[in-house]
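Enquirer: Quick check, what structure comes out for this input:
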Amino acid sequence: MGFLEKLAQRRQVTGGILCVGLDPDLEKMPPKIAAAPRPLYEFCRRVVEATLPYAVAYKPNLAFFEASGSGGIAQLERLMAEMPVDIPTILDAKRGDIGNTARMYAHFLFGHLGGDAATVNPFLGRDSLEPFFEYPGKLPFVLCLTSNPGSSDIQMVVAGEQRIYQRIIVLLRRFHKPCGLVVGARHTAMLEDVRRLANDWPILIPGVGAQGGDLVDAVRAGTAGGLAPAVINISRDILYASQGEDFAEAAAAKARWYAEEMAKVLKKPLFSHKGAS
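Expert: Predicted coordinates:
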């Protein structure tokens with residue numbers, strides 16, 4: 001199955017739209033885990049096992065693995081190899097470069113690591129995105145309107161009759177292939193605009209929780225019109241719900257809380273499948 005098929009199946013299983021971000025920070029882990037031979041892998045493995053009933057997807061952030069060098073990459077490779085095959089993974093890489101280099105990035109993310117989707121940067125234009133559209137079933141999530149304070153420096157600038165984030169959507173339509181968008185939860189009004197322009201494209205929404213985005217507003221804006229739902233990513237609030245030895249259990253409890261709150265907004269029952277209880 002491709003990303004979209006896996007996502008649809010997980011929505012059926014969980015009844016929710018929660019994506020759990022995997023940003024393993026050695027300084028925030030319990031000392032015993034941080035001192036383990038493969039701490040990044042072990043931490044994420046236990047979080048995934050604990051939160052699986054509540055997640056429609058997982059989003060490993062490559063920076064947290066790359067910071068540990070080749071050993072960190074090896075741990076990411078092992079984690080990806082052991083991820084449940086029926087749950088989609090979004091590799092948060094934000095890659096973007098000229099065509100030749102972009103092809104290597106796309107191969108690493110989709111071919112080598114086996115991600116079902118990946119975040120990509122459109123700043124270099126059409127040719128920098130093309131390689132990420134060449135993998136059947138894989139989905140590029142293109143940065144559109146990010147959640148960081150400096151996003152307005154470029155993404156909100158008016159170019160002609162449109163803002164840059166709107167022109168990104170126009171550019172992506174020329175591919176005539178499935179793709180997704182990344183829109184931060186702090187931009188509620190623009191998120192509604194993006195949902196309207198993007199029609200049925202999936203939208204990955206970070207920025208809820210630690211970054212100050214409002215959960216209810218993000219769910220409502222991202223799912224407006226009953227089209228393809230938003231995928232709401234929560235990272236730190238789930239991963240570090242506890243820094244003690246009960247971190248996995250605390251992560252599961254926090255993931256369940258977020259999933260239940262999202263379900264209330266969606267007015268749909270959580271855990272529509274018997275296996276998610």
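Enquirer: show me where the protein has strands.
Expert: 18-22, 57-60, 90-95, 117-120, 139-145, 158-159, 162-163, 180-183, 203-205, 230-234 (DSSP state E).
Enquirer: Any idea how far the third one is from the middle of the chain?
Expert: Taking the mean C-alpha point of strand 90-95 and that of its whole chain, the gap between them comes to 8 Å (Cα atoms, centre = their mean, to the nearest Å).
Enquirer: And the contacts of it?
Expert: By Cβ atoms under 8 Å, 6 or more residues apart in numbering, the residues outside strand 90-95 that reach it are 19, 21, 57-63, 102, 105-106, 109, 113, 115-121, 141, 143, 204, 231. Quick note: C-beta positions are derived from backbone N, CA and C, even for glycine.
Enquirer: what are the bridge partners for the spatially most central residue of the chain, then?
Expert: The residue lying closest to the centre of the chain (Cα atoms, centre = their mean) is residue 59, at 4.6 Å. With DSSP bridges as the criterion, residue 59 is bridged to residue 21.
Enquirer: looking at it, it is touching residue 83, isn't it?
Expert: No: in this structure residue 59 lies outside contact range of residue 83 using Cβ atoms under 8 Å: 11.5 Å.
Enquirer: what is in contact with these two at once?
Expert: residue 89.
Enquirer: coming back round to it: out of the strands of the chain, which comes closest to residue 78?
Expert: Shortest distance between residue 78 and the strands of the chain, using Cβ to Cβ, is found for strand 57-60: 11.6 Å.
Enquirer: And the residue lying closest to residue 169 once chain neighbours are set aside, what's its pLDDT?
Expert: Leaving aside its chain neighbours, residue 169 sits nearest to residue 197 (4.8 Å; criterion: Cβ to Cβ, 6 or more residues apart in numbering). At residue 197, the model reports a pLDDT of 88.
Enquirer: So residue 197 sits against residue 166, correct?
Expert: Yes: counting by Cβ under 8 Å, residue 166 is a contact partner of residue 197 at 6.5 Å.
Enquirer: got the buried residues for the longest helix along the chain?
Expert: Looking across the chain with DSSP state H, the single longest helix is helix 247-266. Within helix 247-266, the residues scored as buried using 16 or more other Cβ atoms under 10 Å are 247-248, 250-259, 261-263, 265-266.
Enquirer: what does stretch 123-137 give?
Expert: Across stretch 123-137, burial judged by 16+ other Cβ under 10 Å covers 128-129, 131-133, 135.
Enquirer: Save these as CSV, and put in distance to residue 214 and pLDDT too.
Expert: What follows is the buried residues of stretch 123-137, written out as CSV (distance: Cβ to Cβ, whole Å; pLDDT from 0 to 100):
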residue, distance to residue 214, pLDDT
128, 33, 96
129, 30, 97
131, 36, 97
132, 31, 97
133, 33, 97
135, 34, 97
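Enquirer: which among those gets closest to residue 38?
Expert: For those, the minimum distance to residue 38 (Cβ to Cβ) is 28.2 Å, reached by residue 135.
Enquirer: quick one: that closest one from residue 106, how far?
Expert: 7 Å (Cβ to Cβ, to the nearest Å).
Enquirer: Please apply the same query to residue 6.
Expert: Relative to residue 106, and taking Cβ to Cβ, residue 6 is found at 19 Å.
Enquirer: And the pLDDT for the nearest residue to residue 25 once chain neighbours are set aside?
Expert: Leaving aside its sequence neighbours, residue 25 sits nearest to residue 64 (Cβ to Cβ, 6+ apart; 6.4 Å). Looking at residue 64, its pLDDT reads 98.
Enquirer: burial count for residue 64?
Expert: Residues lying near residue 64 (other Cβ atoms under 10 Å) number 21.
Enquirer: is it true that it touches residue 29?
Expert: No: between residue 64 and residue 29 no contact is recorded; they are 11.1 Å apart, counting by Cβ under 8 Å.
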